[in-house]
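Colleague: Could you work out the structure for the sequence below:
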Amino acid sequence: LGADQPLVRSAQPVSATVDAITESFQPLAEDKGLQLNVEGNDELWANCAQDALEKILLNLLSNAIKFTPAGGRVTVSTRSGDNDMEEVSVSDTGIGIPEEERAAVFERFHRAGNGGETVPGAGIGLALVKELVLAHEGEVLLISQLGEGTTVTVKLPRCEARLPQTGKIREASTLEAMAL
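Modeller: Here you go, the predicted structure:
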């Protein structure tokens, strides 16, 4: 997401992207002993760059899985929100984020003190998520309870699909998302 790269938006199938990215994380979740679930509406379309939602989901799911202990649960949910926005939430039953650090987790290279030192990562995932969402005139919200888990909700502008969502379109979108 650089100044020299134009932001080209088009209708992106939210559910197909969520399904493909979540499916790619299924083996990692199973290896860690986590339940990984998807809930939501199959007819949502966001007006965003082709790879934006993929990058957002990759970062949110990676964090949720990293910071959720064995036996926990990660859920990706989609819904049609208010103000012409589509919502994608990633919720986990992980370690949570201390209240005093919640705003800072969206800053580059910040790592929460309650597990950041022991979990691999550079501290740029949530900063990238916020940059992508804001570049698309969206919102990102974080709710966290220490010891109980975290939910990050991303709101992206709604887009009416120009073509009907058929199995062929959904299949192509899934393959494109997996190519990331």
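
Colleague: buried sites along the lengthiest helix in the chain?
Modeller: With secondary structure taken from DSSP state H, the chain has its longest helix at helix 14-32. Residues of helix 14-32 classed as buried under the neighbour-count rule (16 or more other Cβ atoms under 10 Å) are 14-22, 24-25, 29, 32. Backbone N, C-alpha and C define where each C-beta goes, glycine included.

Colleague: mind listing the helices for this protein?
Modeller: Remark: helices assigned in the chain by DSSP H are 14-32, 52-66, 125-135, 167-178.

Colleague: Output the contacting helices and strands for the first one.
Modeller: Meaning helix 14-32. Helix 14-32 makes packing contacts with strand 35-40, helix 52-66, strand 73-80, strand 85-92, helix 167-178 when contacts are defined by 3 or more Cβ pairs under 8 Å, 6 or more residues apart in numbering; DSSP states H and E.

Colleague: okay, the angle between the fourth one and helix 52-66?
Modeller: Think strand 85-92. Interaxial angle, strand 85-92 versus helix 52-66 (axes from the mean of the first three to the mean of the last three Cα atoms, to 10 degrees): 20 degrees.

Colleague: How far off centre is strand 85-92?
Modeller: 7 Å (Cα atoms, centre = their mean, to the nearest Å).

Colleague: and the longest helix of the chain, average pLDDT?
Modeller: For helix 14-32, mean pLDDT is 96.

Colleague: Equivalent analysis for stretch 138-146, please.
Modeller: 94.

Colleague: same thing with stretch 126-135?
Modeller: Averaged over stretch 126-135, pLDDT sits at 91.

Colleague: circling back: JSON lines for the helices of the chain, including distance to Ala104?
Modeller: Converted to JSON lines, the helices of the chain look like this (distance: least, Cβ to Cβ, whole Å):
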{"stretch": "helix 14-32", "distance to Ala104": "26"}
{"stretch": "helix 52-66", "distance to Ala104": "14"}
{"stretch": "helix 125-135", "distance to Ala104": "10"}
{"stretch": "helix 167-178", "distance to Ala104": "30"}
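
Colleague: and Thr151, which of the ones you listed is closest to it?
Modeller: Smallest distance to Thr151 across the helices of the chain (Cβ to Cβ): 9.3 Å, for helix 52-66.

Colleague: mean pLDDT for the helices and strands packed on helix 14-32: which is lowest?
Modeller: Ranked by mean pLDDT, the helices and strands packed on helix 14-32 bottom out at helix 167-178, with a mean of 42.

Colleague: My guess is Glu137 contacts Lys155. True?
Modeller: No: Glu137 is not in contact with Lys155 according to Cβ atoms under 8 Å; the separation is 9.6 Å.

Colleague: re the thing from before, could you export the helices and strands packed on helix 14-32 to JSON lines, including columns for distance to Leu141 and mean neighbour count?
Modeller: Formatted as JSON lines, these follow (distance: least, Cβ to Cβ, whole Å; neighbours: other Cβ atoms under 10 Å):
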{"stretch": "strand 35-40", "distance to Leu141": "17", "mean neighbour count": "16"}
{"stretch": "helix 52-66", "distance to Leu141": "12", "mean neighbour count": "22"}
{"stretch": "strand 73-80", "distance to Leu141": "13", "mean neighbour count": "19"}
{"stretch": "strand 85-92", "distance to Leu141": "9", "mean neighbour count": "23"}
{"stretch": "helix 167-178", "distance to Leu141": "24", "mean neighbour count": "14"}
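
Colleague: Right, I'll leave it there.
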